[in-house]
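> Compute the structure for the input listed below.
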Amino acid sequence: MTENEIGKIVVDAALTVHRALGPGLLELVYEVILAHELEQRGLKVQRQVPIAIEYAGIQFKEGFRADLIVEDKVIVELKSVEKVSGAHKKQVQTYLKLTGRKLGFLLNFNEELIKHGITRCVNQLEE
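Presented below is the predicted three-dimensional model:
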């Protein structure tokens, strides 16, 4: 399955979750439910995945935690904030760069319409 095929499923699952729960809950709630929804659709999902960082030739285990990694290909960062900032988008771009993955999503579930809370991020992904 390609990153783009996985991405379509992630977006559809996010729409389903948002329709059912609406905005205003904690990120953790959306994380648990979205992971479940994606698993129900047959995808392998890892939650709170620790990602090591290499700096100056040294490997640091305490890098960051990806909210969700789907099929070991797509990073999903979840927010439940009033407004997504440029820093949030850069965060996903940095995650992609550091992991070598090509597709990521920033999903802000605190939007009235989830379509306004979906940001697709790419790192050398062929369309």
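> neighbouring contacts of stretch 78-90?
23-27, 30-31, 34, 67-68, 77, 106-110, 117, 119, 121 (Cβ atoms under 8 Å, 6 or more residues apart in numbering). C-beta: built from backbone N, CA, C; applies to glycine.
> swap the cut-off to 6 Å and go again
The contact list for stretch 78-90 (Cβ atoms under 6 Å, 6 or more residues apart in numbering) reads Glu27, Tyr30, Glu31, Asp67, Leu106, Leu107, Asn108, Phe109, Asn110, Thr119.
> Produce a PyMOL select command limited to the buried residues of those residues.
One line in PyMOL is enough to select the buried members of the contacts of stretch 78-90, burial here meaning 16 or more other Cβ atoms under 10 Å:
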select buried, resi 27+30+31+67+106+107+108+109+110+119
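> Check the contacts of stretch 78-90 and tell me the two furthest apart.
Greatest spatial distance among those (Cβ to Cβ): Glu31 and Thr119, at 16.7 Å.
> so the residue positioned nearest the centre of the chain is in which element?
The centre of the chain sits closest to Val76, judged by Cα atoms, centre = their mean, with a distance of 0.8 Å. Using DSSP states H and E, Val76 sits within strand 74-79.
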